[in-house]
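Asks: below is the sequence, then the predicted model.
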Amino acid sequence: MGPGDAPGRRACPGRGAGIGCTSGGWELAYQQVDVSALNDVLGSEYSSLRGRVVIFGGGGMGPLPVGDGNWSWGGFGAGGQDEARSGSGRITRLALGYGGVRFGYARSLAERVSLDAGLGLAVGGVTLTVVKSAASSVTAEPDEATFNRFLVLVMPEAGLTVSLTPAIHLRLGAGYAYDPVPGSWHNVAGTDIGREPAVRASGLRVGLSLVFGAELDRGDDGSTPY
């Protein structure tokens with residue numbers, strides 16, 4: 001155990017730093033989305049989307065009983081949106097939401113520092129809302145349209161984790177979100193209206209996570225203290 005470690009509990013570095021040990025927490029991330037084709041279609045009447053989405057989510061990881069004990073797997077979920085408003089009150093809003101599973105491998109670099117790499121697979125959806133004129137009341141008819149499409153993401157990523165205490169860790173992760181097959185858009189009635197304009201959730205993804213978790217030492221009798 002390192003200085004300040006509680007009896008029977010070790011910081012995650014050396015067994016994954018929040019990856020190889022049982023852990024969970026929250027993440028705030030930046031994700032790029034290719035919206036160039038959408039901005040071209042909307043033209044000058046609507047403000048262009050930036051193609052940068054702030055993502056908030058969370059998840060958990062646990063050890064896989066294989067190899068040297070540094071392999072892990074877990075689940076995660078996240079979502080966010082990009083919005084642009086014109087001077088005339090027109091709104092373009094693009095929202096992402098997805099969840100999936102991640103497999104990873106981690107190795108200790110120092111007493112409380114670890115490096116990990118992994119692959120995430122996620123499914124979810126993309127929602128596009130275009131508002132020409134917002135409704136002035138609940139009973140008024142707004143001049144707007146909403147479209148949805150199915151989303152599949154392949155997400156390779158690497159991360160660096162620093163343990164602040166044996167059970168609290170900060171992780172900086174960077175990777176790429178790949179949207180291999182953009183699906184067709186569907187309107188609110190569920191009608192397939194085709195793939196155009198193509199919006200691909202492919203691009204750089206960088207996130208900062210606050211992770212809670214530690215590795216429990218087993219006693220001679222196999223018991224685990226809490």
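Replies: Right, received. Where do you want to start?
Asks: CA only for contacts and neighbour counts going forward, please
Replies: OK.
Asks: ok, for Tyr178, nearest residue in space, not its chain neighbours?
Replies: Ser202 (4.5 Å; CA to CA, 6 or more residues apart in numbering).
Asks: cool, Thr22 as well?
Replies: Gly62 (4.3 Å).
Asks: and for Ser163?
Replies: Ser163 sits nearest to His169 (CA to CA, 6+ apart), 4.2 Å away.
Asks: Phe56 now?
Replies: Counting by CA to CA, 6+ apart, the residue nearest Phe56 is Leu28, at 4.8 Å.
Asks: I'd like the average pLDDT over the helix or strand where Gly125 lies.
Replies: For Gly125, the element it lies in under DSSP states H and E is strand 113-133. Rounded to a whole number, the mean pLDDT of strand 113-133 is 92.
Asks: show me where the chain has helices.
Replies: Secondary structure of the chain (DSSP state H): helices at 36-42.
Asks: got the contact list for stretch 176-191?
Replies: With contact meaning CA atoms under 8 Å, 6 or more residues apart in numbering, stretch 176-191 is reached by 31, 145-157, 192-196, 198-205.
Asks: bridging residues for Val152?
Replies: On the basis of DSSP bridges, Val152 is bridged to Val123.
Asks: count of neighbours near it?
Replies: Applying other CA atoms under 10 Å, we find 22 residues neighbouring Val152.
Asks: same check on Phe150?
Replies: 16.
Asks: and Gly194, by the same measure?
Replies: So Gly194, with other CA under 10 Å, has 12 neighbours.
Asks: next, the closest residue to it other than its chain neighbours: phi, psi?
Replies: Counting by CA to CA, 6+ apart, Ser184 is the residue found nearest to Gly194 once chain neighbours are left out, at 4.8 Å. In terms of degrees, to the nearest 10, the main-chain angles of Ser184 are phi -80, psi 150.
Asks: relative to Glu144, how far out is the closest residue to Arg90 other than its chain neighbours?
Replies: Once flanking residues are discounted, Arg90 sits nearest to Lys132: 4.8 Å by CA to CA, 6+ apart. Distance from Lys132 to Glu144, counting by CA to CA, to the nearest Å: 6 Å.
Asks: more crowded one of those two?
Replies: Set side by side, Lys132 and Glu144 show more neighbours around Lys132, with 18 against 15, by other CA under 10 Å.
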